[in-house]
Each structure stands twice: as structure tokens, then as C-alpha cells.
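**Student:** I need the structure of the sequence given here:
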Amino acid sequence: MKANRRFNKGEEEAVSAVIGVILMVSITVAIATTVYVYVNGMTGGEPTKKSTLLLSEYDKNNDNNEIIWYVTGIEGDPVKNTSIAAAVINSTTGIGLNVSLDGSIPSGTITAWVNFTDNNGDGHVNTGDVFSVKAQDGNFIFIINDINTGSNIFYSQSTSY
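**Tutor:** Numbers count the residues shown, from 1 in each chain. The predicted structure is shown next:
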């Protein structure tokens, strides 16, 4: 089948090559920008808020080399008690002490231990929960880290019992 088109010489009208190239480039840039924004939105996500625990010294037991820390507040996202790690640092030497997180006193090189008490049993650190810290060294710094973010969520001043 033949197309029923007639082309008369001298009456040809079309978009010039320069304008055609400019249109194609601008359409390509618009599509690329749209794809970039879409993909970037999928991978971004909302950042999590940094959590901070507010603790205060509640009690000192010099006979047991123990200080009890009371959770007075939480800023940011809730913290699961399974996603925390404790550290105890000798504030005189700056050397980190080996820490047991469950309050037990295993044999070996453990020189400090931390026991967490979840008073309402919901699996999160809440106001009213308690950390008991025992250290064989008299002056120490108590640190709690969030395992998921790797950030400090509590950092005490130098403490002595």
C-alpha cells in the first residue's frame, strides 16, 4: 500500500536539526532527573534520632565497690535493652576495663561488671530502670553504647565510690 501523501517541492516544513537536538537533550535530562529523584527517595529514608539516656547516681555501696545508676529520662528513640553495651574506663589510667554485662563475675580478666534491671519488663530502657556498676578500680567512667548506631547514649563523669 502506498501512502496518500503528496510532497510539493518548496513547501516542506519541519523542525530544524538544532531545535530537534535541543528538544531531545532536554527531554533526556528531564527523564534522568525524574529517575534520580525517584531512586534517591527510595534509598534515603528518615534518619533515626540519636538516643540519649539520662542517668543519675542513686546510691553508693563502698563495701561492694558498687554504684547504682537510676535512669531519670530518655531523649530520642526508645532503646531496647538487648541493643546496649556497657563500658567502664579507669579514669586515672584511661584504660578500658573488661566488662561483664549480665552482672555475673566470671573468672579471668573481668575487672568490672554491670547489671541492668528492667523494672517494668518491657524489653526497653525506661525511666526508673537501674544500672548497677561494680569496679575493682576506685575511679572510673561508665559508658553505655547503642550497638545498632555505635554511638554513646550515656557517658558519665569520673566517678568514685
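**Student:** Domains in the protein, by residue range?
**Tutor:** 12-45, 52-160 (automatic domain parsing).
**Student:** ranking those domains by mean pLDDT, which is last?
**Tutor:** Mean pLDDT is lowest for domain 52-160 out of the domains of the chain, coming in at a mean of 79.
**Student:** can you put the domains of the chain in CSV and add mean neighbour count?
**Tutor:** C-beta here means a position set from N, CA and C on the backbone, and glycine is covered the same way. Listed next are the domains of the chain as CSV, based on neighbours: other Cβ atoms under 10 Å:
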stretch, mean neighbour count
domain 12-45, 9
domain 52-160, 16
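**Student:** what distance separates stretch 148-161 from the middle of the whole chain?
**Tutor:** 15 Å (Cα atoms, centre = their mean, to the nearest Å).
**Student:** Quick one: residues in contact with it.
**Tutor:** Stretch 148-161 is contacted from outside by 48, 50-55, 57, 60-62, 65-67, 69, 79, 83-84, 91, 135, 138-146, using Cβ atoms under 8 Å, 6 or more residues apart in numbering.
**Student:** Dump the C-alpha coordinates for that stretch into CSV.
**Tutor:** The C-alpha atoms that make up stretch 148-161 are tabulated as CSV, following Å, rounded to 0.1, in the frame of the first residue of the first chain:
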residue,chain,number,x,y,z
ASN,A,148,22.9,-0.5,66.4
THR,A,149,24.3,3.0,65.9
GLY,A,150,27.6,2.7,67.6
SER,A,151,27.1,5.9,69.5
ASN,A,152,27.4,6.7,73.2
ILE,A,153,24.0,7.1,74.7
PHE,A,154,25.4,7.7,78.2
TYR,A,155,28.8,8.9,79.3
SER,A,156,29.4,9.6,83.0
GLN,A,157,31.9,12.0,84.6
SER,A,158,34.7,10.4,86.5
THR,A,159,33.1,8.5,89.4
SER,A,160,34.5,7.1,92.5
TYR,A,161,32.8,5.0,95.2
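**Student:** Please enumerate the strands of this protein.
**Tutor:** 52-61, 66-75, 84-90, 96-97, 99-100, 112-117, 130-135, 139-146, 152-155, 159-160 (DSSP state E).
**Student:** what inclination does the third one have with respect to strand 130-135?
**Tutor:** Angle of strand 84-90 versus strand 130-135, following axes from the mean of the first three to the mean of the last three Cα atoms, to 10 degrees, is 30 degrees.
**Student:** Thanks a lot, catch you later.
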